[in-house]
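Student: coordinates only, no sequence provided:
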Ligand SMILES: Nc1ncnc2c1ncn2[C@@H]1O[C@H](COP(=O)(O)OP(=O)(O)OP(=O)(O)O)[C@@H](O)[C@H]1O
């Protein structure tokens with residue numbers, strides 16, 4: 001049947017494949033044999049999943065995006081650990097039964113030792129991306145496949161897993177391997193951001209419009225300037241690999257004192273700066289430093305070795321410059337908001353749970369931080385948990401922690417869990433509406449009993465936390481539908497604060513001025529003001545990404561307008577115009593029917609996705625919303641066809 005399949009003996013077989021075949025033969029495998037199709041035992045697999053939970057957390061959203069791009073091509077996306085065991089699979093319904101016949105499914109190992117030459121096993125063995133086409137597979141049973149795989153590296157440059165697209169060899173493209181490589185870069189960037197959450201983080205590129213894209217360089221430093229890690233693009237731009245970079249400091253790489261960078265980071269709305277790379281190239285950079293007061297998250301343990309988390313977590317919350325933090329900073333003249341902030345101020349320190357409602361980017365997290373900052377708990381930790389971004393299978397251990405030996409043979413140490421990390425401080429549960437029902441019951445118990453019981457142990461740990469929750473969902477509707485517990489709802493909504501969307505706010509000019517001022521004098525020399533015509537455009541804009549989107553638009557516009565007297569239409573980035581289209585049909589904000597608003601918002605999302613070829617990250621960036629928000633939009637859409 002499959003006469004078009006190239007054979008392993010064909011002369012064009014690349015060197016990597018030839019060597020892989022030699023290794024497969026040396027493992028004692030025969031091409032005609034049927035492979036071992038058995039998965040590892042269920043208990044062992046849970047341990048494997050647990051060991052790789054950080055990898056899964058960061059790779060699953062990327063897998064979804066990747067799958068969105070290959071959907072309908074008789075293919076599937078696979079995530080494996082460093083040993084080639086499949087952790088997670090997403091695939092086309094009509095392809096999965098065929099994949100199942102050769103055990104392309106979670107729990108099964110695809111190392112070269114067990115399956116001979118194959119994209120997963122060979123990419124992991126060589127530490128390089130590759131495509132294995134049809135008859136290039138060692139086992140004949142796998143000749144109907146073409147697989148493209150790239151290893152995933154942790155920020156120390158160690159292989160921790162692999163991402164793969166496998167499918168019917170007749171519908172595969174040579175370009176898939178490039179797609180997989182880019183997806184791996186996204187996973188690696190997420191990991192770097194997460195692992196060094198408490199470090200000084202820098203994102204940079206010679207062209208401002210590449211910030212926030214896959215091309216941006218990322219680097220992390222300790223607060224005293226020691227180099228910690230950089231992503232692939234960062235290493236490329238700096239002209240050095242990780243081993244060479246280890247000998248450097250922030251100032252030896254970027255020619256600026258770390259003290260000056262930290263002073264820049266302390267500003268409430270941090271703008272861009274211009275730095276110089278060792279080769280003399282100037283880059284536009286965004287810096288961030290959010291020291292964590294809680295304990296470190298348990299992180300991926302590649303090959304059983306815990307990662308070295310940098311010490312960037314002072315025990316006491318750092319002082320903030322007066323006037324630039326806390327609730328006062330948020331008062332910018334909008335009456336609706338002022339009323340909400342006044343109510344918040346009245347219950348500060350009174351142990352009243354606060355529920356913040358608002359669309360994406362309206363400043364919910366900023367308000368939660370301000371509440372913590374102004375409360376008597378200020379010296380304690382502020383721990384933010386985004387319930388929507390943690391896979392359902394991991395949320396329990398993430399929140400409640402687990403004891404030594406809760407997962408036999410996995411991690412020797414237990415994990416304290418995010419709730420206990422917030423002891424003495426504030427626990428911010430973002431997207432609380434996305435918390436699974438079973439977890440809602442556990443959370444309620446914690447809040448009532450003021451103690452948490454980590455998984456796998458009988459011990460109760462006392463916790464004293466102030467709880468602030470946020471959601472963009474309608475929890476009352478969810479309660480009526482039975483997807484949100486009534487008892488938890490009433491426990492959480494001591495004080496309900498609604499943050500207005502930007503299009504309803506009357507203080508837009510003040511915010512614009514503040515955001516521009518925050519960028520002023522930081523190297524990029526933005527224009528001092530916005531032309532009246534542009535302000536009018538801003539006033540009419542739907543701002544689906546709210547303040548986050550406005551900040552992004554201003555950051556780019558200010559850089560493009562360098563030297564001009566004011567920011568004009570011509571300086572507004574494309575992303576602004578992308579989400580501008582629905583504006584003319586926008587009904588008056590106050591009178592707008594929710595359904596119409598949802599549609600306008602949905603159109604903006606669809607357009608951004610189409611414009612960015614379905615790439616969720618890029619679309620999110622363009623809209624100024626989080627990726628979760630775009631995923632939610634996609635999930636809410638009826639299936640096509
Ligand atoms: N009043 C403000 N002044 C200046 N910048 C603000 C203000 N409010 C929010 N921002 C900025 O807007 C961005 C989004 O804010 P934040 O993350 O708090 O929103 P959010 O509602 O929690 O978003 P999401 O629901 O997507 O998590 C941040 O960069 C924040 O600094």
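Tutor: Structure's in. What do you need? What you see is a predicted model, and the numbers here were worked out from it, not measured in a lab.

Student: next, name the residue at the spatial heart of the protein.
Tutor: residue 190 (5.4 Å; CA atoms, centre = their mean).

Student: show me what the helix or strand where it lies is packed against.
Tutor: Using DSSP states H and E, residue 190 sits in helix 176-195. Judged by 3 or more CB pairs under 8 Å, 6 or more residues apart in numbering; DSSP states H and E, helix 176-195 is in contact with helix 53-70, strand 130-133, strand 145-153, strand 159-168, strand 217-221, strand 227-230, helix 232-238. Where C-beta positions appear, they are placed from N, C-alpha and C, glycine not excepted.

Student: look up how far residue 133 lies from the closest residue to residue 147 other than its chain neighbours.
Tutor: Counting by CB to CB, 6 or more residues apart in numbering, residue 119 is the residue found nearest to residue 147 once chain neighbours are left out, at 3.5 Å. Computed as CB to CB, to the nearest Å, the residue 119 to residue 133 distance reads 9 Å.

Student: quick check: neighbours shared by those two?
Tutor: Residues touching both residue 119 and residue 133 by CB atoms under 8 Å, 6 or more residues apart in numbering: none at all.

Student: around the ligand, pick out the residues from the stretch 251-400 of the chain.
Tutor: With CB under 6 Å from any ligand atom as the criterion, the stretch 251-400 of the chain comes near the ligand at residues 269, 330, 358, 360-366.

Student: in helices, which of those appear?
Tutor: Residues of those located in helices (DSSP state H): 330, 364-366.

Student: burial measure for residue 209, as a count.
Tutor: When neighbours are defined as other CB atoms under 10 Å, residue 209 has 15 of them.

Student: give the contact list for it.
Tutor: 556, 573.

Student: that one - that's part of a helix, no?
Tutor: Yes - checked against DSSP: H, G, I helix; E, B strand; the rest coil, residue 209 lies within a helix.

Student: quick one: pLDDT of it?
Tutor: pLDDT for residue 209: 83.

Student: try residue 30
Tutor: Looking at residue 30, the pLDDT reads 88.

Student: quick one: low-confidence ranges for the stretch 251-400 of the chain?
Tutor: Low-confidence segments of the stretch 251-400 of the chain (pLDDT under 70): 268-270, 291-325, 393.

Student: can you pull out the helices in it?
Tutor: Taking DSSP state H, counting those that start in this stretch, the helices of the stretch 251-400 of the chain run over residues 258-265, 326-330, 335-347, 364-374, 392-400.

Student: ranking those by burial, who's on top?
Tutor: Of all the helices of the stretch 251-400 of the chain, helix 364-374 has the most neighbours on average by mean count of other CB atoms under 10 Å, namely a mean of 21.

Student: just checking, residue 343 touches residue 498?
Tutor: No - between residue 343 and residue 498 there is no contact under CB atoms under 8 Å: 10.5 Å.

Student: before we move on, back to that, just give me the closest of the ones in helices among the residues of the stretch 251-400 of the chain next to the ligand to residue 493.
Tutor: Nearest to residue 493, judged by CB to CB, of these is residue 364 at 14.6 Å.

Student: for the nearest residue to the closest one once chain neighbours are set aside, list each beta-bridge partner.
Tutor: Leaving aside its sequence neighbours, residue 364 sits nearest to residue 470 (CB to CB, 6+ apart; 4.0 Å). Residue 470 has these beta-bridge partners by DSSP bridges: residue 356.

Student: and what of residue 383?
Tutor: Applying DSSP bridges, one finds that residue 383 bridges with residue 427.

Student: shouldn't it be in contact with residue 427?
Tutor: Yes - with contacts counted by CB under 8 Å, residue 383 reaches residue 427, the gap being 5.4 Å.

Student: more neighbours: which of the two?
Tutor: Neighbour count, other CB under 10 Å: between residue 383 and residue 427, residue 427 has more, with 28 against 24.

Student: let me see the contact set for that one.
Tutor: Contacts for residue 427 (CB under 8 Å, 6+ apart) come out as 383, 385, 418-419, 465-468.

Student: which of those residues fall within strands?
Tutor: Per DSSP state E, strands hold the following members of the contacts of residue 427: 383, 385, 466-468.

Student: how about those, which pair is most distant?
Tutor: By the measure CB to CB, 385 and 466 form the most distant pair in these, at 14.0 Å.

Student: contacts only, for residue 241.
Tutor: By CB under 8 Å, 6+ apart, the contact list for residue 241 reads 157, 235.

Student: tell me the confidence at it?
Tutor: Listed pLDDT for residue 241 reads 87.

Student: ok, so what distance separates it from the ligand?
Tutor: 32 Å (CB to the nearest ligand atom, to the nearest Å).

Student: same check on residue 105?
Tutor: Taking CB to the nearest ligand atom, one finds residue 105 at 34 Å from the ligand.

Student: still on that earlier bit, could you identify the helix or strand that succeeds the helix holding residue 190?
Tutor: strand 200-205.

Student: paired strands for that following strand, with orientation please.
Tutor: Applying DSSP bridges, strand 200-205 is found paired with strand 217-221 (antiparallel), strand 282-289 (antiparallel).

Student: okay, the ones you listed, which one's buried deepest?
Tutor: strand 217-221 (a mean of 25).

Student: which residues are contacting that one?
Tutor: Strand 217-221 is contacted from outside by 155, 189, 192-193, 195-196, 199-205, 227-231, 233-238, 249-250, 253, 258, 283, 310, using CB under 8 Å, 6+ apart.

Student: what about residue 446, neighbour count?
Tutor: Neighbour count for residue 446, taken as other CB under 10 Å: 22.

Student: how close does the nearest residue to it once chain neighbours are set aside sit to residue 382?
Tutor: Once flanking residues are discounted, residue 446 sits nearest to residue 452: 5.0 Å by CB to CB, 6+ apart. Using CB to CB, we find residue 452 at a distance of 18 Å from residue 382.

Student: what of residue 394?
Tutor: Distance, residue 394 to residue 382, by CB to CB: 22 Å.

Student: and what of residue 92?
Tutor: Going from residue 92 to residue 382 by CB to CB gives 43 Å.

Student: same drill for the two, tell me which one is more crowded.
Tutor: Taking other CB under 10 Å, residue 92 and residue 382 do not tie; residue 382 has more neighbours (25 against 19).

Student: more neighbours: residue 119 and residue 133, which one.
Tutor: With neighbours defined as other CB under 10 Å, residue 119 and residue 133 compare such that residue 119 has more, 30 against 20.

Student: the more buried one contacts residue 142, doesn't it?
Tutor: No - using CB under 8 Å, residue 119 makes no contact with residue 142, being 9.9 Å away.

Student: follow-up on the earlier one: quick check: neighbours shared by residue 383 and residue 427?
Tutor: Joint contacts of residue 383 and residue 427 (CB under 8 Å, 6+ apart) are 418-419.

Student: my read is that the residue nearest to the centre of the chain contacts residue 62, right?
Tutor: Yes - counting by CB under 8 Å, residue 190 does reach residue 62; the two are 7.3 Å apart.

Student: next, show the common contact partners of the two.
Tutor: Joint contacts of residue 190 and residue 62 (CB under 8 Å, 6+ apart) do not exist.

Student: which residues sit in contact with the residue nearest to residue 147?
Tutor: 130-132, 147-149, 164, 166.

Student: between these, which is closest to the ligand?
Tutor: residue 164 (30.8 Å; CB to the nearest ligand atom).

Student: ok, for the closest one, nearest residue in space, not its chain neighbours?
Tutor: Sequence neighbours aside, residue 149 is the residue nearest to residue 164 in space, at 3.9 Å (criterion: CB to CB, 6+ apart).

Student: mind listing the residues bridging to that neighbour?
Tutor: Beta-bridge partners of residue 149, as defined by DSSP bridges: residue 130, residue 164.

Student: I'd assumed residue 159 was in contact with it.
Tutor: No - if you go by CB under 8 Å, residue 149 and residue 159 don't touch, sitting 11.8 Å apart.

Student: quick one: contacts of stretch 283-290?
Tutor: 197-208, 211, 217, 223, 237, 254, 261-262, 264-266, 270, 272-277, 524, 555, 559.
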